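Asker: 3D model of this:
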Amino acid sequence: MHLFQYESRQLVMSWVVVSLCMALLAAGGCNQKGNTGPKAPGPDVGSEVDVSVADGAPADAQPVPVDNVAGSYPYTMVVDGMEREFVVYVPESAAGETAAPLVVMIHGTAQSGQEFYDKKPGWRDQADLVGAIVVFPTSLTYCYFQDMNGDGEFSNPGERRVKTKWTNKKVGVAATPFGYPLCDADDIASLRAGNAQDKADADLVDHPVVDDVNFVDEMLAFIGQKHRIDASRIYATGFSNGSAFTLRLLVERSDVFAAFGANAAGIGLAIAHRIVTEHRGSIGVENNDTKHCRKLYRKSRAS
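Answerer: Got it, this is the predicted structure:
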């Protein structure tokens with residue numbers, strides 16, 4: 001199947017999962033347990049937040065909006081010393097004084113929030129239909145090693161990778177079958193000695209592993225100050241690596257998000273068990289591991 005067709009099918013599945021839960025929440029269904037809205041960063045986070053709006057107006061000088069104003073809002077903020085980017089889309093159907101639901105669309109490896117913002121058909125089309133605000137964040141870029149052929153070594157051609165990646169407990173983990181060890185100083189130095197693209201990559205990857213959950217916390221807190229968001233209807237959906245990160249949010253931020261849509265993530269039996277036993281009704285999974293969730297779900301219902 002062509003990649004675009006595959007990704008389009010995954011997007012349709014995430015639309016179905018999240019849009020259904022949006023409707024159910026409006027009627028009092030789906031999973032609302034403990035939903036208290038975006039977490040405010042605690043005093044121990046130590047995050048420097050420096051946000052600017054694309055039109056050049058300082059974000060910290062803008063009052064909390066009375067109404068949602070339709071448009072696209074590219075933001076840049078500094079969290080934990082790293083510059084982060086995300087685009088907020090407010091459709092005409094979400095404009096006005098009524099608080100709108102928010103969907104966080106999390107891209108996959110080697111992709112970006114801007115790429116999913118630009119995708120047609122995509123979440124902007126769905127936002128137009130259902131009256132939801134959508135945010136498209138972008139992950140950081142890492143230089144890491146991935147055992148592509150499963151031989152237990154990381155020295156084969158193509159196994160050193162420079163890609164955008166969400167931190168889902170694999171990036172920076174030691175060389176295990178499931179870990180992606182980071183490039184060392186010599187690897188980054190070799191990039192700096194390469195061509196123009198390698199030099200640009202070296203500047204992007206010369207940083208430690210950053211906690212993306214903290215970034216999401218900061219991003220949601222900021223969006224809540226700039227746009228009218230219904231804190232009981234915040235959703236996360238992702239593709240591939242973004243889907244795996246969505247599942248991390250399910251485990252660590254289930255009190256913030258009302259529902260999750262995970263598309264094309266390898267989740268394994270352990271996380272599948274936690275999904276069906278601890279978060280039943282708040283997650284939709286669409287990939288080859290769906291059978292694990294179905295099997296364990298039937299088992300949990302029988303017990």
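Asker: pLDDT at residue 66, what is it?
Answerer: Per-residue confidence (pLDDT) for residue 66: 71.
Asker: could you measure it against residue 97, distance?
Answerer: 6 Å (CB to CB, to the nearest Å). For glycine as for every other residue, the C-beta is placed from the backbone atoms N, C-alpha and C.
Asker: is residue 72 bridged to anything, and to what?
Answerer: Beta bridges link residue 72 to residue 89, judged by DSSP bridges.
Asker: show the contacting residues for it.
Answerer: Under the criterion of CB atoms under 8 Å, 6 or more residues apart in numbering, the neighbours of residue 72 are 87, 88, 89, 90, 117.
Asker: would you check that the third one makes contact with residue 127?
Answerer: Yes - judged on CB atoms under 8 Å, residue 89 makes contact with residue 127 at a distance of 6.0 Å.
Asker: which residues are in contact with each of these two?
Answerer: What both residue 89 and residue 127 touch, as defined by CB under 8 Å, 6+ apart, is the set 133, 134.
Asker: and for residue 164, the neighbour number?
Answerer: By other CB atoms under 10 Å, 20 other residues sit near residue 164.
Asker: mind giving me the domain split of the chain?
Answerer: Domain segmentation of the chain under automatic domain parsing yields 3-28+46-140+210-302, 141-205.
Asker: any idea of the mean pLDDT in the shortest one?
Answerer: Spelled out, it's domain 141-205. 85.
Asker: okay, how far is it across it, tip to tip?
Answerer: Domain 141-205 has its terminal residues 6 Å apart, counting by CA to CA, to the nearest Å.
Asker: same deal with stretch 144-152?
Answerer: Per CA to CA, the first residue of stretch 144-152 is 15 Å away from its last.
Asker: pull out the buried positions in it.
Answerer: 144, 145, 146, 147 (16 or more other CB atoms under 10 Å).
Asker: where's the last one, which helix or strand?
Answerer: Using DSSP states H and E, residue 147 is not contained in any helix or strand.
Asker: so it makes contact with residue 159?
Answerer: Yes - the pair residue 147 and residue 159 qualifies as a contact (CB under 8 Å) at a distance of 6.6 Å.
Asker: who touches both of the two?
Answerer: Common neighbours of residue 147 and residue 159, using CB under 8 Å, 6+ apart, are residue 153.
Asker: which residues in the protein form helices?
Answerer: Applying DSSP state H to the chain gives helices spanning 3-26, 113-118, 123-130, 185-192, 196-205, 212-226, 241-252, 268-278, 290-302.
Asker: rank those by pLDDT, which is bottom?
Answerer: Among those, helix 290-302 scores lowest, with a mean of 40.
Asker: alpha carbons of stretch 185-192, as PDB, please.
Answerer: Output of stretch 185-192 as PDB, limited to C-alpha atoms (Å, rounded to 0.1, in the frame of the first residue of the first chain):
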ATOM      1  CA  ALA A 185      30.700  13.500  20.800                       C
ATOM      2  CA  ASP A 186      32.800  11.800  18.100                       C
ATOM      3  CA  ASP A 187      29.700  11.000  16.000                       C
ATOM      4  CA  ILE A 188      28.500  14.600  16.200                       C
ATOM      5  CA  ALA A 189      32.000  15.800  15.400                       C
ATOM      6  CA  SER A 190      31.900  13.600  12.200                       C
ATOM      7  CA  LEU A 191      28.700  15.300  11.300                       C
ATOM      8  CA  ARG A 192      30.300  18.700  11.700                       C
END
